[in-house]
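Chemist: pasting the structure only:
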């Protein structure tokens, strides 16, 4: 069950809303990437405490070891609407991708996936602007 969680980050004190899945008492699995908050990578586990105002305070972040995280700025000429089609097999194999802030591509590659990031992005027609490795 996906839910939106209002969350105050302790390091920055900022308020963000994130898409999560409950995995235990005050524990959540992050179902999206938030490039504005360090360590908010796909499948990271969040531990929170709910405040009286319903906003959760972030107590701990445990990054997922099931994925290699990678990101890059998409070239302005890249046709973003084709990504769901070309990434279909990758997503079916448990991978995740998201475009945020108008052009930041974040990718979570499942451990043991049969393609390297270079092979994957080449098959998607993307030439990375840098190594982009987030780990």
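Modeler: Good, I have the coordinates. Not measured: the values here are computed from a predicted model. Numbering: from 1, shown residues only.

Chemist: For the chain, which segments count as strands?
Modeler: Per DSSP state E, the chain carries strands over the ranges 3-8, 15-24, 27-30, 45-50, 56-62, 67-73, 96-100, 104-110.

Chemist: what packs against the longest one?
Modeler: When you say that, I think you mean strand 15-24. strand 3-8, strand 27-30, strand 45-50 (3 or more Cβ pairs under 8 Å, 6 or more residues apart in numbering; DSSP states H and E). (C-beta placed from N, C-alpha, C; glycine too.)

Chemist: if you set the cut-off to 7 Å instead, what comes out?
Modeler: Using 3 or more Cβ pairs under 7 Å, 6 or more residues apart in numbering; DSSP states H and E as the contact test, the elements touching strand 15-24 are strand 3-8, strand 27-30.

Chemist: which of the residues in the longest one are buried?
Modeler: By neighbour count, and taking 16 or more other Cβ atoms under 10 Å as the criterion, the buried residues in strand 3-8 are 5, 7-8.

Chemist: nearest to residue 104, of those residues?
Modeler: Closest approach between the buried residues of strand 3-8 and residue 104, by Cβ to Cβ: residue 7, at 20.2 Å.

Chemist: quick one: that closest one and residue 108, what's the gap?
Modeler: Going from residue 7 to residue 108 by Cβ to Cβ, to the nearest Å gives 20 Å.

Chemist: OK, contacts around the closest residue to residue 101 other than its chain neighbours?
Modeler: Leaving aside its sequence neighbours, residue 101 sits nearest to residue 35 (Cβ to Cβ, 6 or more residues apart in numbering; 6.2 Å). Residues in contact with residue 35 (Cβ atoms under 7 Å, 6 or more residues apart in numbering) are 100-101, 104, 106.

Chemist: Could you rerun that using 10 Å?
Modeler: For residue 35, the residues meeting the contact criterion (Cβ atoms under 10 Å, 6 or more residues apart in numbering) are 41, 71, 98, 100-101, 104, 106, 134.

Chemist: Just the buried ones from the residues you listed?
Modeler: 41, 71, 98, 106, 134.

Chemist: Can you give the distance from the longest helix seen in the chain to the centre of its chain?
Modeler: Looking across the chain with DSSP state H, the single longest helix is helix 117-123. Remark: helix 117-123 is offset 18 Å from the chain centroid, using Cα atoms, centre = their mean, to the nearest Å.
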